[in-house]
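*Asks:* Could you work out the structure for the sequence below:
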Amino acid sequence: MKGYSMDAVVIRDYRGEDWPRLQQIHDAARKNELALAGLEDAFLPLAIAAESEGLFDYTVRVAWLEDVAAGFSAFAEGELAWLYVAPSLSRRGIGTRLVQDALEQTGRPVTVEVLAGNEPARRLYEHCGFRLIETASGRMPGNEAFAVTCHVLQLD
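*Replies:* Numbering: from 1, shown residues only. Sure, this is the predicted structure:
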């Protein structure tokens, strides 16, 4: 699927039939994210994380490239809480389009948290205009057995 422009990415509201594909996207991408942060043992599949972390408390949007769900985001006013792209489709502008879509629908400022070590995500958000405002440590939401350090980025 190489060679697609960002215009080829279509983003729409989540539908129930998207659930199986969102699980595939999240589970593969989350494993990569946690590996970058040295937290492989903290992995929870989306079937569990969606409930424990309140995925559907947010507006959920799905990015499509041709007829394949390629990624998704979840956000609320002032917060971009979830953003995952299928690893096999990364570096094609899908993450950037998901960020842009969320920003079009939320007010400012908008914050996002990135696990320390997840430099690809941090670069994505900085490319979209976010700036680091703090680094914080605490317990992993939804999986509190694990200590985490996160970079908090904000777009004014």
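
*Asks:* what's the neighbour count on the closest residue to Leu103 other than its chain neighbours?
*Replies:* Counting by C-beta to C-beta, 6 or more residues apart in numbering, Leu103 lies nearest to Val110, which is 6.4 Å off, once chain neighbours are set aside. For glycine as for every other residue, the C-beta is placed from the backbone atoms N, C-alpha and C. By the other C-beta atoms under 10 Å criterion, the neighbourhood of Val110 contains 23 residues.

*Asks:* likewise the one 3 residues further on?
*Replies:* Neighbouring residues of Glu113 were enumerated by other C-beta under 10 Å; the total is 17.

*Asks:* ditto for the one 4 residues further on
*Replies:* The criterion is other C-beta under 10 Å. On that basis, Gly117 has 17 neighbouring residues.

*Asks:* Going by neighbour count, which residues of stretch 80-89 are buried?
*Replies:* Taking 16 or more other C-beta atoms under 10 Å as the neighbour-count basis, stretch 80-89 is seen to contain the buried residues 80-86, 89.

*Asks:* Can you say which two of those residues are spatially most distant?
*Replies:* Pairwise distances across the buried residues of stretch 80-89 peak at 21.0 Å for Ala81 and Leu89 (criterion: C-beta to C-beta).

*Asks:* ok so, going back, list the contacts of the residue nearest to Leu103.
*Replies:* With contacts defined as C-beta atoms under 8 Å, 6 or more residues apart in numbering, the neighbours of Val110 are 75, 78-80, 102-103, 130, 154-155.

*Asks:* Likewise for Val10?
*Replies:* 63-65.

*Asks:* What of Gly38?
*Replies:* Taking C-beta under 8 Å, 6+ apart as the definition, contacts of Gly38 comprise Gly117.

*Asks:* In three-state terms, label it for me.
*Replies:* What DSSP: H, G, I helix; E, B strand; the rest coil gives for Gly38 is coil.
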